[in-house]
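Asks: Sequence first, then the predicted structure:
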Amino acid sequence: MQQSTSTPKSPYGGMINLPLPLHSIERSPMVLKPYYPGKMHALDVTHVTSLCLKVSPALLIRRKSCITSLELIRRNRAERRRALRKAGKSTGMEKTDELDEKDEHIIELSELARRLETNTETGLTYAKYRDNLEKYGPNQLTPPPEKFWLLLLLEHMTGFFSLLLWAAAVLCFVAFGIDNSSQDNLYLGVVLVAVVVLTGIFSYYQDAKSAAVMAGFKNFLPEKCIVVREGDEKQILATDIVPGDLVKITNGMKIPADLRLVIASEMKVDNASLTGESEAQKRDTKPEKKGSQQLEAKNIAFYGTLCVNGGGMGLVIATGDNTTIGTIAKLAADASNREGAQTPINIEIHHFIKIISAVAIFLGILFLILGFILGLDAIDNLVFCIGIIVANVPEGLLATVTVSLTLTAQRMAIKKVLVKNLEAVETLGSTNVIASDKTGTLTQNIMTVQHVWYDGGTKLARGIGEGVADEKAPTYQYVKNCITLCTTATFISEEEEKNGVPFQNRTFQGDASEGALIKYIEPVLRKTGSGILAERKAHPLLYKLPFNSTNKFMLTICNMDQDHEKDHILWMKGAPERIWERCTHIMVEGEVKKKEPYEEEYNHGLFTLMNNGERVLGLCMKVLPAKDYPKEYKYNWDGESGEESNFPYEGFTFIGLTALMDPPRAAVPAAVRSCQTAGVQVIEKSLESTF
């Protein structure tokens, strides 16, 4: 539940989970329950480690906090206006009103490009980039101001419970000043002061140590993106983006700034972190109507959201604090500061202290009154009253709580879980659901092609001898071409090519599954003196339908070769059940045959691979005759399943299967069992096949 930019601090504190292991678990539907006071709450995390002390409360769903960004902005604006009007001051809402006044989503792209002094095809010039970088600064959210260390130390020594102990210590010193015949009150006062000071220093040291580690994460694995400047594509750090830059967007990419889309190819974005919408939102390039709000515009991709389907290009219209999420972050921080949000343990301790204080003061006053009624000496009576009040203060509670939380934090540190705030440790006690991603969390995120199925049999993808795929087999040639031409991933490091780095270890750009496919097929092509880039150049791409979680397949249409007068070929890869149902024929030893007689062999091969824990992709193709689809033909996919497309969406020829393996992390089984023993339900989230 998962990249870095600053975000408003959670009122519940929080932890950072280092990428530690978990294991394969049973698939089950994901359920996230709302949090209500007095009940358990669910967590959505991206790294689940071992035992129940391995989660980050990144998503505490609390009823009073379930507010969309629009509602937060409007509520904040209304509250501030009312307060300022009462004080007889100007509302000064110009900064938040900018969200309503922005018109980048309304004007034409040509006008926007002129305003930003950029080009929708070649991007910014380097001179303009340098000017904008100096004008707008780096593309990052301004972190909250850091407090001086002495102030932080004093905060740890002046918490609500600490203040009670300070008051008890003062009363002890007052009692000793009134009656110094006994030094018991003096000793007790000194002990109380020592307890408060030592626990404050201890707690401050723990938080300061965690803060130092957190500061080191700021430069850890910085996000990168591809921009176009003066017509050249280059990969840069996301912090170097400036307004006017032309940014390339790909499937699975985190949007690096607020963008006005120039190109949108089947593009959808996940705006859940911004607006609370659970479904992916389709993006296009059409200007919005006048009066519409930018937060609801379909031609804008917002900083911090995720592209979950398709891709495109976009002009940067805002960076850093000027982005929509930057404005919302400031409003949320202001709201959090005003509301004085507290952790659950803070709330409970405050409630407990109020009760104890009331009881202590009540008993002290009661015995003081009784003493006067019984005619006791006034000084003795007052000292006795102070003694009653101090006796009811649980002096050891603060030290006990601090030590308990610290010991737990140290145990978690051994498991490589960093606790940013000691009070956040207690929050784990109310966790009952952990929803974990699979790839990279439960698994090692090292995807490799293990097997290939074609001609009715399963073959090893690599190796020598019997049972290994025959790279000269007729059907395998189609498998090879489909993998090559129906992927978009590419190797991006020329330095690795020069140094002869093994393909399995090379850096690539694109989806992890496609990365595994090109790492497998590139060595095969090199044996014939070719390569992926050479093959793609020899078979120019005419149309591409990106993979999405609805269709569960990717489709490309390419020329048979560079001669545009020849037939076109449609290639498709995706979830086996989706590919198989669109096929009427199957290729066996290079010949096209009806698929029905081979269905049993196909099912046996498919389920054998899936039972091995491998991710299986189906491959198919179809020849599109040049007489029906000439050189200038414009392909268009339309309809829920493609039934309204202007080219065939079924009747394909099945080629084979490729099976990929992402090995599980070694410590996963024990971690899941420990969570289940502790009563925590572990759920895997995955967008893969429904089998």
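Replies: Alright, I've got the coordinates.

Asks: show me where the stretch 151-300 of the chain has strands.
Replies: Remark: strands assigned in the stretch 151-300 of the chain by DSSP state E, counting those that start in this stretch are 224-229, 232-237, 246-249, 258-270, 281-282, 300-301.

Asks: Compare those strands and say which comes out lowest on pLDDT.
Replies: Mean pLDDT across those is lowest at strand 281-282; the value there is a mean of 84.

Asks: Just checking: what are the partner strands of that one?
Replies: Sheet pairing of strand 281-282 (DSSP bridges) gives strand 258-270 (antiparallel).

Asks: rewinding a little: quick one: which of the strands of the stretch 151-300 of the chain is nearest Leu366?
Replies: The closest of the strands of the stretch 151-300 of the chain to Leu366 is strand 258-270. By C-beta to C-beta, the value is 61.3 Å. Placement of C-beta: from N, CA and C, glycine included.

Asks: Now that closest one: buried residues?
Replies: If you call a residue buried by 16 or more other C-beta atoms under 10 Å, then strand 258-270 has these buried ones: Asp258, Leu259, Arg260, Leu261, Val262, Ala264, Glu266, Met267, Lys268, Val269, Asp270.

Asks: go on, stretch 403-416?
Replies: Those buried within stretch 403-416 under the rule 16+ other C-beta under 10 Å are Leu405, Thr406, Thr408, Ala409, Met412, Lys415.

Asks: Checking the third one next. Helix, strand or coil?
Replies: Three-state assignment for Thr408 (DSSP: H, G, I helix; E, B strand; the rest coil): helix.

Asks: pLDDT score for it?
Replies: 80.

Asks: Okay, it and Ile388: tell me how far apart.
Replies: For Thr408, the distance to Ile388 (C-beta to C-beta, to the nearest Å) stands at 35 Å.

Asks: And the strands in the stretch 351-500 of the chain?
Replies: Under DSSP E, counting those that start in this stretch, the stretch 351-500 of the chain gives strands at 417-419, 431-437, 448-454, 457-460, 490-491.

Asks: average pLDDT for the first one?
Replies: Put plainly, it is strand 417-419. Taken as a whole, strand 417-419 has a mean pLDDT of 75.

Asks: Just name whatever secondary elements that strand is in contact with.
Replies: Packing partners of strand 417-419 (3 or more C-beta pairs under 8 Å, 6 or more residues apart in numbering; DSSP states H and E): strand 15-17, helix 184-217, helix 395-414.

Asks: Could you give the average pLDDT over the first one?
Replies: So that's strand 15-17. Per-residue scores along strand 15-17 average to 32.

Asks: Stretch 122-141 too?
Replies: Regarding stretch 122-141, the rounded mean pLDDT is 90.

Asks: how long is it from one end to the other?
Replies: 27 Å (C-alpha to C-alpha, to the nearest Å).

Asks: For it, which residues meet the burial criterion?
Replies: For stretch 122-141, using 16+ other C-beta under 10 Å, the buried residues are Gly123, Leu124, Thr125, Lys128, Tyr129, Asn132, Leu133, Tyr136, Asn139, Gln140, Leu141.

Asks: So the fourth one: helix, strand or coil?
Replies: Spelled out, that is Lys128. helix.

Asks: List the contacts of it.
Replies: Glu117, Thr118, Gly244 (C-beta atoms under 8 Å, 6 or more residues apart in numbering).
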